[in-house]
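**Student:** 3D model of this:
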Amino acid sequence: MEQSLYPAPSKDLVQKRKELAPEAFAAFQAFSQTVFADGALPSKTKELIAVAVAHVTQCPYCIRSHTKRATLKGATGQEIMEAIWVASEMRAGAAAAHSALAIDVMNQEVAKPK
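**Tutor:** Predicted structure coming up:
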């Protein structure tokens with residue numbers, strides 16, 4: 001049987017995190033609840049943002065959990081996929097934008113006396 005790179009999420013893993021650092025665990029839980037609560041942005045929108053960010057950071061746990069939470073908040077498959085496409089464009093756009101750094105170095109090298 002093939003072993004996955006990522007262990008399956010479980011209540012045991014959550015409990016272990018809590019046992020090993022209870023104060024940090026509680027603080028993170030409170031922070032997460034605050035961040036994803038309705039505010040200037042509705043919680044559904046926040047979950048769609050999280051789905052997009054999870055794809056950019058490539059966190060499989062985040063992709064699964066925030067896709068599920070977005071769905072439970074009423075996000076459609078089309079909304080979720082559009083959020084993923086926005087993330088894809090931003091990641092590709094960042095690579096293209098950062099080409100300015102390579103171009104700058106190349107220009108500096110060409111300008112150097114030989």
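
**Student:** what packs against the longest helix along the chain?
**Tutor:** Assignment by DSSP state H gives helix 77-97 as the longest helix of the chain. The contact analysis (3 or more CB pairs under 8 Å, 6 or more residues apart in numbering; DSSP states H and E) places helix 77-97 against helix 43-57, helix 60-72. Bear in mind the C-beta positions are built from the backbone N, C-alpha and C, glycine included.

**Student:** tell me what angle that helix forms with helix 60-72.
**Tutor:** Angle of helix 77-97 versus helix 60-72, following axes from the mean of the first three to the mean of the last three CA atoms, to 10 degrees, is 140 degrees.

**Student:** quick one: helix 77-97 to chain centroid distance?
**Tutor:** Put simply, helix 77-97 sits 12 Å off its chain's centre (CA atoms, centre = their mean, to the nearest Å).

**Student:** show the subsequent helix or strand relative to it.
**Tutor:** As assigned by DSSP states H and E, the chain's next helix or strand after helix 77-97 is helix 99-111.

**Student:** so which elements touch that following helix?
**Tutor:** Short answer (3+ CB pairs under 8 Å, 6+ apart): helix 99-111 packs on no helix or strand.
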